[in-house]
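Engineer: following is a predicted model, sequence given first.
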Amino acid sequence: METIKNPVEYTGAQVVQAAHGLASAYRSLQHIQDTIHSPAPAVRHIDAADLRDALKKGLEDFGAYRSDVIFLCAIYAVVGLVLARLAFGLDMLPLLFPLASGFALIGPFAAVGLYEMSRRREQGLNVSWANAFDVAQAPAFGAILVLGLILIAIFLFWLYAAWSIFANTLGPAEPTSVSAFLHDVFFTNAGRAMMVIGIAVGFVFAVVAMAISIVSFPLLLDRDVGLDTAIKTSVRAVAANPVPMAVWGLIVASGLVLGSVPLFIGLIVVLPVLGHATWHLYRKLVALPPAAPAELA
């Protein structure tokens, strides 16, 4: 039976817990250095049939575990924050589309829990949505966090670039209304220039983010490899399959657009399916020997 701690005991317990957390974080970061320049796996060439099979298996994983639960709160939290901010003024309106489309940049990091669920199902293990948080036990968890921070930095740079494009085309004056902003975007030369430049710049950000992450996160979760090895393997896999990866990027972009209409409701299905499918795509892109028993735990 638990007893109520006095303030001194409670404070001491919190200090000890914090110390354990810091020690664990230090070990995770140290592990990045320990695994640097680890052997790189081979990459495979894939085709359209592999993309279809990855999506099919992603749908099967989604149907098996109803992983929409994981994303439900996250989606509405993001949308709610955006809408709440818009309710207090129109200064964020030019960033509404960059914010929504920018999820594709950080999506691989947000989907790490889904990769873990697909990994466990692949091994015939019992799986629930709670297993998504088992990624914290992965040996390369520190590298996963660092790579996630890199994607977040790319996302922030994208927002800065999007705002700069707006400021130098339609801006710098803030929109006076939603309807006026939409009119200027679609029916003025400055608005069309903003769209063309924005799409081109956004494409560059998307290619960079996909190249460094589409294989990296699953590989770091699946095997105890170095962060540099994971990123290089991801870039090699994309470079070896330019057409299939371009098609995959189009599938992801189309799914996000369709899932966002209306009111982002469809993302409850689209995001988990794409997350699970990315795990199976990783399996097709990277050739690995059977994992050691310790890695399967």
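Structural biologist: Noted; the coordinates are in hand.

Engineer: CA atoms for contacts and neighbours, from now on please.
Structural biologist: Fine.

Engineer: could I get the pLDDT score of Leu288?
Structural biologist: For Leu288, the model assigns a pLDDT of 70.

Engineer: leaving out sequence neighbours, find the closest residue to it.
Structural biologist: Pro41 (6.1 Å; Cα to Cα, 6 or more residues apart in numbering).

Engineer: check contacts around that neighbour.
Structural biologist: Under the criterion of Cα atoms under 8 Å, 6 or more residues apart in numbering, the neighbours of Pro41 are 233, 286-288.

Engineer: in helices only, show me those.
Structural biologist: Members of these lying in helices (criterion: DSSP state H): Thr233.

Engineer: buried ones among the contacts of Pro41?
Structural biologist: Among these, the ones that count as buried by 16 or more other Cα atoms under 10 Å are 233, 286.

Engineer: Leu256 reaches Val270, doesn't it?
Structural biologist: Yes: the pair Leu256 / Val270 is scored as a contact, 6.9 Å apart, by Cα atoms under 8 Å.

Engineer: picking up where we left off before, select from the contacts of Pro41 every entry located in strands.
Structural biologist: Among these, the ones falling in strands (DSSP state E) are 286-287.

Engineer: dump the contacts of Pro41 into CSV; add distance to Gly63 as well.
Structural biologist: CSV is the format used below for the contacts of Pro41 (distance: Cα to Cα, whole Å):
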residue, distance to Gly63
Thr233, 30
Val286, 25
Ala287, 27
Leu288, 27
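
Engineer: residues in contact with the helix or strand where Arg192 lies?
Structural biologist: Take DSSP states H and E as the rule and Arg192 turns out to sit in helix 189-213. The contact list for helix 189-213 (Cα under 8 Å, 6+ apart) reads 104-106, 108, 147, 151, 154, 158, 161-162, 165-166, 169-170, 184-186, 231-232, 234-235, 238.

Engineer: could you pull out the buried residues of that helix?
Structural biologist: Buried residues in helix 189-213, counting neighbours by 16+ other Cα under 10 Å, are found at 190-195, 197-198, 202, 205-206, 209-213.
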